[in-house]
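Engineer: give me a 3D structure for the following:
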Amino acid sequence: IMSYHGWSLMLLCLMAAINPLLATPQKKLFLGANWKCSLETTQEVDALVQELNSMWMSLSRKEQEVVELCVHPPYCFVDRVRSRLAKDIAVGSQNVFDCRGPNQGNTGAVTTRMLQEIGCESVLLGHSDRRNILGENDDLISAKIRVSLDAGLNVVLTIGELKWQRRWGLAVYTLRKQLRAVAKVVKPDEWHRIVVAYEPVWAVGEGAT
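Structural biologist: Purely as a prediction, here's the structure:
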């Protein structure tokens, strides 16, 4: 999964990867994009959607069938993107809820039902921004995953270690810890609904971005 700024580059890489995928049709490439807050106007959103539609339509039907694309716009643009984007490209949310328990539907929160009503198919959870800047821990992320799966949403789970964790030989420990928390709440027959995206924080920024 990549940020909005890496989307065009990844589409070029996708084009180069199409032929090997066609040779092994049982395999499908998942390509997800986290738009973060890179786009802040409807004009920017509409322009990117138009670009994505053009690139997608340039692929043959056979080529489209071996690739699963999913974009994650900010909340306020999800409905707009879904209504304008090619139907074969999935749309997901960057987050759901903000806490656990009976009070999770607090003021300002977005629920799984709201997301489904506007066409969301998945939720991006565990991103380093939310782990390291907003303070989300493994328990909260796992609870969000459980709620999302129960509601019928798929999950794109991001895991990754910080620079100091890698330097001190704690990379594998950190990744296992993040995955172990999730494994406690995910049933064996549900893992096909989860995409695990490895995003080492040290490779995309010195801090938590």
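
Engineer: ranges for the strands of the protein?
Structural biologist: For the chain, the strands identified by DSSP state E occupy 2-3, 29-34, 67-72, 90-93, 122-125, 154-159, 194-198, in order along the chain.

Engineer: give the partner strands of the second one in its sheet and their orientations.
Structural biologist: Taking DSSP bridges as the criterion, strand 29-34 pairs within the sheet with strand 2-3 (parallel), strand 67-72 (parallel).

Engineer: same question, the last one
Structural biologist: Under the criterion DSSP bridges, strand 194-198 sits next to strand 154-159 (parallel) in its sheet.

Engineer: show residues contacting the partner strand.
Structural biologist: Strand 154-159 is contacted by residues 1, 32, 70, 72, 92, 121-128, 141, 145, 148-149, 175, 178-179, 182, 193-199 when judged by Cβ atoms under 8 Å, 6 or more residues apart in numbering. Placement of C-beta: from N, CA and C, glycine included.

Engineer: select only the buried ones of those in PyMOL?
Structural biologist: Listed next is the PyMOL selection for buried residues among the contacts of strand 154-159, using 16 or more other Cβ atoms under 10 Å:
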select buried, resi 1+32+70+72+92+122+123+124+125+126+127+128+141+145+148+149+175+178+179+182+193+194+195+196+197+199
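
Engineer: where's the residue nearest the centre of the chain relative to residue 167, distance?
Structural biologist: With distances taken as Cα atoms, centre = their mean, the chain has residue 124 as the residue nearest its mean C-alpha position (3.8 Å). Residue 124 sits at a distance of 27 Å from residue 167 (criterion: Cβ to Cβ, to the nearest Å).

Engineer: and what of residue 83?
Structural biologist: Residue 83 sits at a distance of 46 Å from residue 167 (criterion: Cβ to Cβ).

Engineer: same thing with residue 176?
Structural biologist: Residue 176 sits 18 Å away from residue 167, taking Cβ to Cβ as the criterion.

Engineer: what do you get for residue 139?
Structural biologist: Residue 139 sits 26 Å away from residue 167, going by Cβ to Cβ.
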